Every structure is written in structure tokens, then in C-alpha cells.
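> Pasting the sequence and the predicted model now:
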Amino acid sequence: MTQKMTMPRKALVTSIAFAAAAATTSAQAEISDGEVRIGYLADMSGTYRDLAGPGGLTALEMAVADFGGSVNGAPIVLFSADDRNSADVGANTVREWIDQRNVDMVAGLVASSVTIAVTKVLEENDRLGIVSGSAASSVTNEHCTPNHIHWVYDTYPLANGTARAVVEQGGDSWFLLTADYAFGHALEADVTRVVEESGGEVVGSVRHPFPTSDFSSYILQAQGSGAKIVGLANAGADTVNAITTASQFGLTQSGQQLAGLLIFLNDVHALGLEATQNLLLTTGWYWDMDDQAREWAQRYFDEVGSMPTMVQAGIYSSTMHYLEAVQAAGTDDAQAVRAQMASQPINDFFARNGRIREDGRMVHDMYLAQVKTPEESTGEWDLYEILSTIPAEQAYRPLSESQCKLVQN
Amino acid sequence: MSDSTTLSAPRVVAKRKRRAGQRRALLYAALLALGLVAPFLAYPVFLMKILCFALFACAFNLLLGYAGLLSFGHAAFLATGGYVTGYLLASYPGLTPELGILAGTLCATLLGALFGVLSIRRQGIYFAMVTLALAQLMFFFFIQAPFTGGEDGLHGVPRGELFGIISLRNHLSMYYVVFAIFVLGFALIQRTVHSPFGQVLKAIRENEPRAISLGYNVDAYKLVAFVLSAALAGLAGSTKTIVFQLASLTDAHWHMSGEVILMTLLGGVGTLLGPIAGAGLVVSLQHLLAQSPMGNWVSVILGAIFVVCVLSFRSGIVGELTALYRKNFK
């Protein structure tokens, strides 16, 4: 500024500068550091890479770009890290993000051990987490915190939705292939209960060690049981191995049907339709389910080169909802944003009839799908046929059964 | 080594030994000072992670480097220490962290005695396989046992108050506790290695039949070394659980047994400081790579470094540095 400036002009300039400064501060007053900082934590290199991984980060970046890159003038900053499916790496990374970079929200979160460890750190430091990848329903049950939201799916609708729908369609006798550890046991108990409630019967089950590579003897037992449906109460590589073996032994060709309780689009794509045809499963979203979904999926496909899984779509959807809540609340304070998010229903390309419950569970419509046969499929990614919709309120564990400390029972 | 000395110069040898001792004391003092100021220079939780793994690698090195026993099941001791400490502290809020650590270490020691009795009768690859098999049994136990939380892990372990007075919630006070535990563990290993007991271990490593013919009960020596190593691995696991406030299956998985071999070999097997350098390198690389766009390549990069290391400098970082020092400054 020049020294020759006249007094009134100088005063005017100063007052304008002050006013501008005041305006910006008031807009950003509640947003810590003047930036909305989001950390993306997921398995980028291991088993769950294709489920969430780098594709999920792209979905997150798409959401930030679509939102305009800033909230109320505060830029959105992204960090990302690979948790290598290890709880200590995950918890440590998030603790460092909070201590060193003051991160406001953590997205992604896949392996349930990592998720539970991270949510404890988030609760301790009062930051927000949005869980998109984890399957365990315990995330919003016994491990619920006021600091995280579980967005896409969990084992409860996967097991319940599939089991109930299958029994209603006439699949009333079941044989279960269960992974012999806590997760498999819980899934087995859930499925057995639902099958019996719906008027079906579990004629037998066999427990296999976790992990198992040779499923031949278990598949033979399943074939010998005479059950109409063979339910797979396992996950990941075990499910993939079981399906491959079942296909080699001609299980589906001989009139029995497989029901996958935890299987994703990328698994079906990797296994191929020959091995997975007619498999029944429950999904939270499918890219080809309607125009809105197709439109977003096509944009994603152009960026990544593969169709999005429900987890990757959920990351976009949840980030959008989060950013809208930050904008509406005018702050990135975890509890204020959490309350704002819960106050708004969610209806976008991903979720229908969605709302966030007090236990942190985002309930939305789920879909029963059947894997197409190679003849029915018209393209590389034309994999599912949506058979029916499971309404949001029926899909998830009712709050009356919740063990969450935030729910008054 | 006193290869250049002649028979007529015992005093020269003594003088050299004294000088070497002084230099070593100086080096340790410098490292100790570095350890004391480190939390002001770097993120304390990251440093604590390095210290826990360094102690684990030092414990492993005691067995591989000084007794010549390659155990492929050390993850079991790390995990046992971690789970026992975690379970006790999470279930009994009145318990102080030092008692938790003590209990965890004790359980790992007992497990070490059991594994040791079963495995030290075998040598080489058979010893490695027996320890791996036993560690896998423990892995399945940890998956199935109700108190470990299965694949979800054991969470919400409170850091608590040391001796009921000093709160460990603060990263800085936690760091100094971890550092003190590490220094004590390291001092114990250093003392063991330089004791007559350590000399016998080295003799067994070099030529076992000869040690037997000299009248040493080698099985007893090996067993003590094994139990000591297991106890220190358990101590590392217990401390780690308190730092991170969780125990998970990652610690019990055979990958962890492999990782500690990697750390020890990279740093320099059979050198006291080698495992610390190795643990520091591996943990830092994992940490840096995980947050970089190269994240997908952590395992590949570590593998490549390992291959280069084994092919071109077999005695590891510290081993090579020592050799370089001896060559140029003596």
C-alpha cells in the first residue's frame, strides 16, 4: 500500500479488509483448521483390495470433486493409507492422523478387526468414522459408538435376507457349510433361526477349519444330505473355494442350489458365471439396478475400468451425505455432524429409504439377487438379476434386539 | 577378534579390550541419549511401535544369533503376552499396567518352557517346523477362544496408571515407560550374551558335538535360551498391547514369525544392535509406504530389499557397518 493514500480512503480499505476477514472467519469459524480433512483407510493391497481398495478412494475423490472441493469455503483435504488388514496398523494410522493432522472424518474401513479398533480411537478423540466395507453386524451392536456410522450392509440382512427369501421361494431344506470360528458360528445361528422361523428346516451342517482350501469332502456331505439349499456360512477365500469345488462336483447341476451369505460382485466376477450361476445372495446395491445407479456406475467405470461394488458406491454416497451435513451444520464437529446426518433421510443413487438409527446403523432397502447363467448374461459385468427388494425396516437387526449402549431397551 | 596379536602381547590385548569396551559404552550412552530425546523429534506412538518390535527382534536374535536356533513360531509368544495382558487389563479395571505386563510375560515364559521342551531336541529345519506347528496350534486357539474376540480382536484395553500413580494416557509418559522396558530387556540380553552362559551358547552354535564332548548339557542350555527368548518376546507383546490398547490375530499369525526373521536378518543376525536397526527399518518402511501412493507395493519392496540384503550383504546392516569399521579404523 502506498504511503500517499488519503486518510478516508485508507480507513475505507482497512474496514473492507476487516469486514472480509470477519466474513471468512464467521463462515469457517466452526470448521477446524479451516479445512475438512478426510482420511481414507482401507486394504489397498490384500484380500479386500477389489472390494474397497483403490477403487473406493476414487469414489471418495469423485464425491469430493462433485461437491466442489470445498465446504462453505473451507477446502476438503484427503489422506489415504493402507491398513494391511491389521488392527494395530489401522488404529495407529488413525491415531496419528488425529494427533498430527487433526483429521475430521475417517472413511473406508473394511476388515472388521480394523474397524472396531479404529472406532475405539475415534470415540476416544471424538471424531467421526463412516464404515463402508465391514461385514460384522457387531460394529453397530456390541461395538457401537456415538462416533461411527455403518453405511452399506452387514451380516444380519445378508443372512436374514437371503435365508428368508430362499425359504419363501421353496428352498425349505438347508445344509450349512460353516467356517469354524466365531464369525461362522454367528452366521450359522442367524441363518438357522431365520430358516426355522420361515418354516424351513436345517437338515445338517458341517464345520470346516478356517481357512480351508480343500472342500471336496464337505461338498460331498452336502450332496449326500439331500437338502435343496447349501448355505455358505463363511467368507472370502473360503466361500470362493467352496463355490469352485461345488461347481466341479456338479452340485448345482444335480438340482441343489447354493446360497452365498457373504459374497460380493468382485467375487462373482472373479469366479465367473460358470461356477456361480444361480447363486442366491443379498446385496445392498447393484450397478445395473436402475438408471440412477447405472449413470453413476458408468462414470466410475470410465475412471477405474471395472464396475463398482456396493462398498465403493457406498463410499461415494456416504461422503456426499457427510459433506452435505457439514455444510448444513456449518461445522465439522463430530457430534453436530452426526446429528445433522441422522436428521436427514437418505435417498440417492445408492440408498433408498435410508436413515441413520441411533446405534449408527444406516438402514436402507436391500436386494435379493440371483447370479445369471452364462447364457443370460449379456456382458462382462452383467452378473446379477435383482429378484426382490427387502424393505429397509425389515432388512436390519431391529433395535429391540440391540445390545448397543446407545439404545435404551 | 585378536587375530593380529602375538603371543607375547597379552597387555596389548587387554588394552584393546578396554578401549573396545569404552567405545561400546560411549555408543550405548549416545543411543540412550537419542532414545531419551526421540519423542520430541518424532511421533511418540510410532517410536513406541519401533521399540516394541525392536525388543521382539532382540529376543528372537538371542535364540538365532547366539544359540543358532531358528524358531519359526515366535509370534505365539508375542501374541500370548499381548492377549493375556489385554484380557486381564480389560476385564479387571483395578489392575495396574505393570501387573498386566508381568502376567503376560509370565504366561509367555511358561508357554516358552512347554514349546522349548518339545522342540529343542530337534535341529535345523525340523526345529523350525516343530516351532511353526506349535505356533499354528496357538493361532487356532486364539481364533477359537472366547476371550480373544476371534478375528475381531481384543479391544478397549485401558492404558491405566503405572503403579496406580502415573497416568499412561499421555503419549510421552507412555513412551518413557516403553523405553525403560526396552532398555531393561536389552540390558538383560546384553548381559546374557556376554556371560559365561552366553559363551557356552556360542560354543553350541559353532560346534554342538564338541560342546557335548566337553561335558556341557546342551539341551539344558538351549532350553534356558529358548525360555528367555520367549519371555522377552512376551514382554514385547504385553507392552505393545498396552501401547495400542488392543491385541489382534495379526500378532499370532505366522506372518509375524516371518517378519521378525526379516527384521533380524536385515539388521544383522548375531549382533546386539542389528535387530534394533532391522526393526526400525521394517517398521519405518511399512509406515512410510502405507501412506504413499506406493502403498500397494509394501510387501514387494520389503521382499526386494530382503533379497538384495541376503545376496550382497549377508551380515545385515549392523554386521556390515561393524566390518567396515574394523577394516578402516583398526
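Cool, the structure landed. Residues are numbered from 1 along each chain as shown, chains lettered A, B, ... in the order given.

> In contact with the closest residue to B:Ile305 other than its chain neighbours: list those residues for me.
Distance criterion CB to CB, 6 or more residues apart in numbering or on different chains; nearest residue to B:Ile305, sequence neighbours excluded, is B:Leu266 at 7.0 Å. All C-beta spots, glycine's among them, are computed from the backbone N, C-alpha and C. Counting by CB atoms under 8 Å, 6 or more residues apart in numbering or on different chains, B:Leu266 makes contact with B:Ala277, B:Gly278, B:Leu281, B:Val282, B:Ile305, B:Phe306, B:Cys309, B:Gly316, B:Ile317.

> Distance check, B:Leu266 against A:Glu168.
Between B:Leu266 and A:Glu168 the computed distance is 59 Å (CB to CB, to the nearest Å).

> wait, A:Asp348 sits on A:Thr319?
No. Counting by CB atoms under 8 Å, A:Asp348 does not reach A:Thr319; the two are 11.2 Å apart.

> From B:Gly149, how far off is whatever residue of the stretch 151-300 of chain A ends up closest to chain B?
Of all residues in the stretch 151-300 of chain A, the one sitting closest to chain B is A:Ala182 (3.6 Å; CB to the nearest CB). When distances are taken as CB to CB, A:Ala182 and B:Gly149 turn out to be 8 Å apart.

> quick one: the strands in the stretch 151-300 of chain B?
Along the stretch 151-300 of chain B, counting by DSSP state E, counting those that start in this stretch, strands occupy B:161-162, B:166-167.

> Adding distance to B:Leu78, mean pLDDT and mean neighbour count, write those strands out as JSON lines.
Formatted as JSON lines, the strands of the stretch 151-300 of chain B follow (distance: least, CB to CB, whole Å; pLDDT from 0 to 100; neighbours: other CB atoms under 10 Å in any protein chain shown):
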{"stretch": "strand B:161-162", "distance to B:Leu78": "22", "mean pLDDT": "84", "mean neighbour count": "17"}
{"stretch": "strand B:166-167", "distance to B:Leu78": "25", "mean pLDDT": "84", "mean neighbour count": "13"}
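
> rewinding a little: okay, A:Asp348 and A:Thr319: which has more neighbours?
Here A:Asp348 and A:Thr319 are compared on neighbour count by other CB atoms under 10 Å in any protein chain shown; more neighbours surround A:Thr319, at 27 against 17.

> Chain neighbours aside, what residue packs nearest to B:Leu273?
Using CB to CB, 6+ apart and skipping residues adjacent in sequence, the residue nearest B:Leu273 is B:Val318, 5.0 Å away.

> Pull the number of nearby residues for that neighbour.
21.

> name the helices or strands packed onto the helix or strand hosting it?
Under DSSP states H and E, the secondary-structure element containing B:Val318 is helix B:316-329. In terms of contacts (3 or more CB pairs under 8 Å, 6 or more residues apart in numbering or on different chains; DSSP states H and E), helix B:316-329 is packed against helix B:254-267, helix B:274-290.

> Just the buried residues of the first one, please?
Meaning helix B:254-267. Using 16 or more other CB atoms under 10 Å in any protein chain shown as the burial criterion, the residues of helix B:254-267 that qualify are B:Trp254, B:Met256, B:Ser257, B:Glu259, B:Val260, B:Ile261, B:Leu262, B:Met263, B:Thr264, B:Leu265, B:Leu266, B:Gly267.

> ditto for stretch A:123-138
Burial within stretch A:123-138, assessed by neighbour count using 16+ other CB under 10 Å, is assigned to A:123, A:125, A:127-138.

> With stretch A:282-292 instead?
Neighbour-count burial for stretch A:282-292, with 16+ other CB under 10 Å as criterion, is recorded at A:Thr282, A:Thr283, A:Gly284, A:Trp285, A:Tyr286, A:Trp287, A:Met289.

> Among these, list the two that are farthest apart in space.
With CB to CB as the measure, no two of the buried residues of stretch A:282-292 lie farther apart than A:Thr282 and A:Trp287, at 15.9 Å.

> now the strands for the stretch 51-200 of chain A?
Using DSSP E, counting those that start in this stretch, strands in the stretch 51-200 of chain A cover A:70-71, A:74-82, A:105-108, A:128-131, A:148-150, A:173-179.

> Identify the residue nearest the residue in the stretch 301-409 of chain A that chain B sits nearest to in space, chain neighbours excluded?
Relative to chain B, the nearest point of the stretch 301-409 of chain A is A:Lys405 (12.1 Å; CB to the nearest CB). Excluding the flanking residues, the one nearest A:Lys405 by CB to CB, 6+ apart is A:Cys144, at 6.6 Å.

> Counting neighbours, what do you get for the one you found?
24.

> And B:Arg159, by the same measure?
B:Arg159 is flanked by 20 other residues according to other CB under 10 Å.

> Kindly list the main-chain dihedrals of the closest residue in space to A:Ala328 that isn't next to it in sequence?
Taking CB to CB, 6+ apart as the measure, A:Ala328 lies nearest to A:Gln340, with 5.4 Å between them; neighbours along the chain are not counted. Backbone torsions of A:Gln340, given as degrees, to the nearest 10, read phi -60, psi -40.

> returning to that earlier point: from the strands of the stretch 51-200 of chain A, which stretch is densest packed?
Here the criterion is mean neighbour count by mean count of other CB atoms under 10 Å in any protein chain shown, and of those the winner is strand A:105-108, at a mean of 29.

> what's it in contact with?
Outside strand A:105-108, the residues within contact range by CB under 8 Å, 6+ apart are A:36-42, A:52, A:56-57, A:60, A:94, A:97, A:118, A:122, A:127-130, A:132-133, A:315, A:318-319, A:322, A:332, A:334, A:337.

> How about stretch B:89-99?
B:88, B:100, B:154-164, B:168, B:177, B:241-242.

> Report the secondary structure state of A:Leu368.
Secondary structure assignment for A:Leu368 (DSSP: H, G, I helix; E, B strand; the rest coil): strand.

> try B:Cys309
When the rule is three-state DSSP, B:Cys309 gets the label helix.

> Might you report the residue contacts of it?
Counting by CB under 8 Å, 6+ apart, the residues that B:Cys309 touches are B:Leu265, B:Leu266, B:Gly316.

> what about the residue lying closest to B:Val193 once chain neighbours are set aside, how many neighbours?
Closest residue to B:Val193 apart from its sequence neighbours, by CB to CB, 6+ apart: B:Tyr66 at 5.7 Å. Other residues within reach of B:Tyr66 by the criterion other CB under 10 Å amount to 23.

> wait, B:Tyr66 sits on B:Gly198?
Yes. The pair B:Tyr66 and B:Gly198 qualifies as a contact (CB under 8 Å) at a distance of 6.2 Å.

> State the distance from B:Trp254 to A:Ser113.
17 Å.

> For the residue nearest the centre of chain A, list the residues it contacts.
Residue closest to the mean C-alpha point of chain A, counted by CA atoms, centre = their mean, is A:Ser132 at 2.9 Å. By CB under 8 Å, 6+ apart, the contact set of A:Ser132 is A:Ala52, A:Gly56, A:Ala107, A:Gly108, A:Leu109, A:Val110, A:Trp151, A:Val152, A:Val311, A:Gly314, A:Ile315, A:Ser318.

> B:Met256 too?
Neighbours of B:Met256 in contact, by CB under 8 Å, 6+ apart: B:His74, B:Ala75, B:Leu78, B:Ala79, B:Thr250.

> Present the residues you listed as TSV; the columns should include pLDDT.
TSV is the format used below for these (pLDDT from 0 to 100):
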residue	pLDDT
B:His74	95
B:Ala75	95
B:Leu78	96
B:Ala79	96
B:Thr250	88
